[in-house]
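Asker: Need coordinates for the below:
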Amino acid sequence: MVGDHFKEITRMCKWGTNVELRVQIPAELSHTRKARWEVKEIDACIAKIVAALNKGGVLTTACCCGHEKVDGTIYLQDGRVLTIHTPEKGEIWHSSPQ
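Answerer: Modelled structure (predicted):
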């Protein structure tokens with residue numbers, strides 16, 4: 001379940017810490033102008049989330065964990081964007097206004 005994968009993220013990985021994942025390249029982003037599957041390098045700390053989304057039929061177009069510098073993002077083929085907040089940043093951003 002996707003929710004279980006979110007619990008595993010406690011820190012984002014450093015740039016260059018990737019795993020290979022088979023993802024669909026949509027026709028509009030493909031040099032062949034046809035949808036196809038290709039192995040791409042995905043940030044290791046969010047690869048399980050991306051894999052779960054794709055396996056569940058929620059196809060992705062791009063992603064980056066943010067590498068502890070900015071929020072992570074996963075771009076979906078339908079135009080939505082998922083934002084990933086690390087627990088440390090979440091404590092700051094969800095604090096009460098003063």
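
Asker: what about Leu33, which SS state?
Answerer: No Leu there; residue 33 is Arg. Taking DSSP: H, G, I helix; E, B strand; the rest coil as the rule, one finds Arg33 in the coil state.

Asker: That one is in contact with Ala27, isn't it?
Answerer: Yes - applying Cβ atoms under 8 Å as the test, Arg33 and Ala27 come out as touching, 5.7 Å apart. Every C-beta, even on glycine, is put in place using the N, C-alpha and C of the backbone.

Asker: Give me the helices and strands touching the top helix by length along the chain, please.
Answerer: Secondary structure of the chain read by DSSP state H shows that its longest helix is helix 47-55. Packing partners of helix 47-55 (3 or more Cβ pairs under 8 Å, 6 or more residues apart in numbering; DSSP states H and E): helix 2-8, strand 18-25, strand 60-64, strand 72-76.

Asker: okay, the angle between that helix and strand 60-64?
Answerer: Angle of helix 47-55 versus strand 60-64, following axes from the mean of the first three to the mean of the last three Cα atoms, to 10 degrees, is 170 degrees.

Asker: just to revisit the earlier point, can you tell me which of the helices and strands packed on helix 47-55 has the worst average pLDDT?
Answerer: Across the helices and strands packed on helix 47-55, helix 2-8 has the smallest mean pLDDT, namely a mean of 44.
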